[in-house]
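**Student:** I need the structure of the sequence given here:
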Amino acid sequence: MTNDADTHPYGAAVGTLIQRLSGLPGIGRKTAERLANHLVSCREPDALALAEAIRSVRTNVRRCRSCFNLTESEICRICSDPRRNRHQICIVEQPRDVVSLEAAGVFQGLYHVLGGRISPLEGVGPEDLTLDALVRRVRQDEVTEILMATNPTLEGDGTALFISNLLENEPVQITRLARGIASGSVLEFANREMLADAIRGRQNF
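**Tutor:** As a prediction, the model looks like this:
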């Protein structure tokens with residue numbers, strides 16, 4: 001069977017690049033072609049710098065041993081900050097949600113990145129998330145509050161409910177972001193004022 005990249009008008013190399021780019025989230029075929037043409041036409045040092053940045057990320061970036069956020073060390077910057085409240089944990093789905101909440105500049109506790117949300121239709125179950133590590137942190141670190149910051153979607157709310165049931169016998173208060181964030185939206189696209197209000201107005205779960 002002939003690979004589509006092999007029959008591309010610009011040749012196999014460009015065809016392969018377009019295939020790889022179009023496999024990225026939010027990148028369609030047309031956008032991939034524009035990006036590929038830019039990379040072919042731009043200065044060689046710029047293109048190679050991008051390739052080196054990708055290689056460096058794949059080589060050096062890992063999950064924090066404690067909260068599973070992205071870091072280049074064993075422990076991330078937030079977990080290693082002695083000024084953070086170690087008895088509060090904010091639960092988020094992905095590392096990008098940590099970035100959004102930190103931009104609000106209100107929450108001073110720690111985070112726990114689940115690595116997704118429970119979604120049976122996508123084949124993601126509780127065992128695919130970092131829930132065992134979360135339970136260990138709650139018990140070992142004497143956590144007093146869990147702030148649910150999963151996205152206000154059907155799957156996000158279902159994941160939050162599962163976690164609250166998982167921790168129902170633990171001596172911990174469970175709160176959630178106030179619904180200043182519209183149902184069906186995602187944290188990544190909320191502005192900092194909206195996130196700050198949601199954190200300040202969090203409610204019992």
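**Student:** same for the helix ranked longest in the chain, what does it pack against?
**Tutor:** Across the chain, the longest stretch assigned as helix under DSSP state H is helix 44-60. Identification of packing neighbours for helix 44-60 by 3 or more CB pairs under 8 Å, 6 or more residues apart in numbering; DSSP states H and E yields no helix or strand. (Each C-beta comes from the backbone N, C-alpha and C, glycine too.)
**Student:** hmm, 10 Å instead?
**Tutor:** helix 29-41 (3 or more CB pairs under 10 Å, 6 or more residues apart in numbering; DSSP states H and E).
**Student:** low-confidence ranges in the protein?
**Tutor:** Scanning the chain for pLDDT under 70 picks out 1-10, 180-184.
**Student:** Tell me where this structure has helices.
**Tutor:** 12-22, 29-41, 44-60, 95-104, 131-140, 154-166, 192-200.
**Student:** and the ones you listed as TSV, adding distance to Glu122 and mean neighbour count?
**Tutor:** Formatted as TSV, the helices of the chain follow (distance: least, CB to CB, whole Å; neighbours: other CB atoms under 10 Å):
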stretch	distance to Glu122	mean neighbour count
helix 12-22	21	17
helix 29-41	23	14
helix 44-60	24	10
helix 95-104	18	19
helix 131-140	17	15
helix 154-166	8	17
helix 192-200	26	17
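**Student:** Adding distance to His87, write the ones you listed out as TSV.
**Tutor:** TSV is the format used below for the helices of the chain (distance: least, CB to CB, whole Å):
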stretch	distance to His87
helix 12-22	44
helix 29-41	45
helix 44-60	31
helix 95-104	17
helix 131-140	10
helix 154-166	17
helix 192-200	16
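**Student:** Now find how far off-centre stretch 33-48 is within its chain.
**Tutor:** 28 Å (CA atoms, centre = their mean, to the nearest Å).
**Student:** the inter-axis angle of the longest strand anywhere in the chain versus helix 154-166?
**Tutor:** As assigned by DSSP state E, the longest strand anywhere in the chain is strand 85-92. With axes from the mean of the first three to the mean of the last three CA atoms, to 10 degrees as the basis, strand 85-92 and helix 154-166 are set at 140 degrees to each other.
**Student:** Minimum distance to Ile75: which of the helices of the chain has it?
**Tutor:** helix 131-140 (12.9 Å; CB to CB).
**Student:** ok, how many other residues are close to the residue lying closest to Asn60 once chain neighbours are set aside?
**Tutor:** Nearest residue to Asn60, sequence neighbours excluded (CB to CB, 6 or more residues apart in numbering): Glu72, at 5.0 Å. Applying other CB atoms under 10 Å, we find 12 other residues in the vicinity of Glu72.
**Student:** And the contacts of the longest helix of the chain?
**Tutor:** Outside helix 44-60, the residues that touch it by CB atoms under 10 Å, 6 or more residues apart in numbering are 38-43, 70-73.
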